[in-house]
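# Here is my input; please provide its structure:
(chains A and B)
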Amino acid sequence: MQNVIFGLVTGSILAIASVGLSMIRQTEGFINIAHGQLLTLGAFLGYTFVSTLEMNIFLAGLLSMLLVGILGALLAVIVFRPVAKSGPLAQLFTSIGLAYLLFGLIRVVFGANVTFFPTGFGTRFDLGPVNITVGEILIVVVAAVVVGLLALFLTQTRLGTWIRATASNPELAQLRGIPVNRVSHAVWFVASALAGLAGVMVGLIGNVHSELGWTQTLIILAAAVLGGLGSIYGVLASGLLLGLAMDLSALVIPTSYRTVVAFGVLILGLLLRPQGLFVRAGSREA
Amino acid sequence: MSGVLLFLVGVLTLAGIYAILAMILNLEAGWAGMWDLGLAGLVAVGGYVFIITTQQTHDDVVIAPGWPIWAGVIAGSVAGGIVALVIGIPSLRVRGEYFLITTLAFAEVIRQLSINLGSVTRGTVGFNQFSRPFDSWVSGSGYRWLLLGLVWLVVLIVNLVMRRLGRSPYGRLLRGFRDNDPVARSLGKHTNKHRIQTFVFAGLMYGAVAPLYVWFIRTVTPSLFTSEVTFVTWTALVIGGIASMRGPVIGALILLIVTEAAALVQGLGEMAVVLASVRFIVLGIVLIVVMRFRPEGLASEREAFASASGRLQQ
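The predicted structure is shown next:
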């Protein structure tokens, strides 16, 4: 049972991080490898706000979200917009270049040491067979709220509808007069902000270090691809699934095989359902 | 002075190794259109199989047959090919980004296995004592020169092979089904069979050149085979010009000299972490700038094959 809780927490974080990646993939047409570095940045910003500036954790989380989101939108305009015409290979490699650039900058600014959030979320509750910390409950609740808000935003607001329209057919969306640039800014902002939030969450349950981005990128990619990249709910579900798979596998095999399990699930998933686990057979990926 | 010279020899050796990797990658990604993000895994397989099969003493590992060096290289190569087959058959069922991610996942699985199978690979400790070819001929710093020559000899050989292969009917076929798979199939070509063939051939070559990397670094640990190897190779290829002829070598030389130049000033001490990070910043900026202003790379595919098609027209 304890592992179910762990898996739920890992899965919530993973889902939040992967949704951003798949939103960018849908509207911009490439996989943003730098997504994991934005997550690391969020973790370090949150850590700095809480420990150095002694801010409230919620305020710190919100602020890191906003800052990473704004940075993401800026990077989209400065770095990604100019290479949009050069095709997906150029965009993909620009994002790899950006990942290295951010990784290097993060190490210069924040150093290469491992640090921990100085928050009091570590106290454990005994709930019958399991015990759970305040931080873990918060993460799951916040993740659920954020996902709910995201769903509302995408279905109920005009901007959200535009985003979904652009995702399903960029040319048609543009022809119908949807301001694609504004949509793109919004997507980058939301996706990066989600990465920032996921970063703070990762920091809360584990530690904060500069290599975080690389390890997380691989698992985020796995979750996003497993969910079929396209459907947001599919990606959410597969994020949760991967989280559960990783933590439940710890019951049977050593925990050092956690990532192997994640990729094993991914490879299996791709072989059995190349179009993604939660994508209807009819809607083919372009 | 001699310190700087030896450093330069090291950079050129590493550049040569990456040039070889980039040429192999150019075959599978540039010409055959298979964007492989898992080459670090195949290099790891080659390196580990070489080191394990040539181990003399049993110390704390289960397998140590103590084969001669040449047999170890062949074993590494064969293992690279077999693993490529195992990875290729499932991965090649998916296309584009899905292939990218699957190969990346396999490489990470291989690396995690090399960490966890401690009884064979000695885990994160790895190996640091092994024999290198012609070790008895020259001593100490002289060996660096020998290795430099050996590496660039291999660069030359691989380059000649790739030149032949690229202009051969087989190379044309690869580039053909990269651009239009249905047409190639309608002409009776078994494109999937050729993809697997090429992928396995690339695996054999990654496995075969892995020992060069191992001899240069002089240790074998899982941290040598992170996805950084893959990304640096890709960056070299993309800077030089994907699908071109000279591109991989030019790209590897430029990239390694630029990024390692940062390491030259590393001796200053206190700033070590900052300077080590500068390497990544430089790598990132180079990649972003090249993609922005010359996305086809420094040498282009059109130039590389211009003379060939010119002859054809005459």
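# So which bits of the strand or helix carrying residue B:43 are buried?
Assigned by DSSP states H and E, residue B:43 falls within helix B:39-53. By 16 or more other C-beta atoms under 10 Å in any protein chain shown, the buried positions in helix B:39-53 come out as B:39-53. (Each C-beta comes from the backbone N, C-alpha and C, glycine too.)
# Quick check: residues of the stretch 101-250 of chain A near chain B?
Residues of the stretch 101-250 of chain A lying near chain B by C-beta under 8 Å from any C-beta of the partner chain: A:101-105, A:107-108, A:111-112, A:214, A:218, A:221-222, A:225, A:229.
# among the residues you listed, which are in helices?
When DSSP state H is applied, these are split such that A:101, A:102, A:103, A:104, A:105, A:107, A:108, A:214, A:218, A:221, A:222, A:225 fall in helices.
# Tally up the residues packed near residue B:295, please.
Using other C-beta atoms under 10 Å in any protein chain shown, residue B:295 has 19 neighbouring residues.
# circling back to that earlier point, kindly indicate which of the buried residues of helix B:39-53 lies nearest chain A.
Using C-beta to the nearest C-beta, residue B:41 comes nearest to chain A of those, at 11.0 Å.
# got a list of what that closest one touches?
Counting by C-beta atoms under 8 Å, 6 or more residues apart in numbering or on different chains, residue B:41 makes contact with B:83, B:87, B:103, B:106, B:107, B:108, B:109, B:110, B:111, B:225.
# Dump the residues you listed to JSON lines, plus secondary structure.
Below are the contacts of residue B:41 laid out as JSON lines (DSSP: H, G, I helix; E, B strand; the rest coil):
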{"residue": "B:83", "secondary structure": "helix"}
{"residue": "B:87", "secondary structure": "helix"}
{"residue": "B:103", "secondary structure": "helix"}
{"residue": "B:106", "secondary structure": "helix"}
{"residue": "B:107", "secondary structure": "helix"}
{"residue": "B:108", "secondary structure": "helix"}
{"residue": "B:109", "secondary structure": "helix"}
{"residue": "B:110", "secondary structure": "helix"}
{"residue": "B:111", "secondary structure": "helix"}
{"residue": "B:225", "secondary structure": "helix"}
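# Kindly identify which of those also come near chain A.
For chain A, the contacts drawn from these by C-beta under 8 Å from any C-beta are B:106, B:108, B:109.
# ok, the last one touching residue A:263?
Yes - under the criterion of C-beta atoms under 8 Å, residue B:109 makes contact with residue A:263 at 5.0 Å.
# name the element residue A:4 belongs to?
Assigned by DSSP H and E, residue A:4 belongs to helix A:2-28.
# what is the mean pLDDT for that helix?
When pLDDT is averaged along helix A:2-28, the result is 85.
# Mind listing what's buried along the helix or strand where residue A:148 lies?
According to DSSP H and E, residue A:148 maps onto helix A:134-156. Going by neighbour count (16+ other C-beta under 10 Å), the buried part of helix A:134-156 is A:135, A:136, A:138, A:139, A:140, A:142, A:143, A:146, A:147, A:150, A:154.
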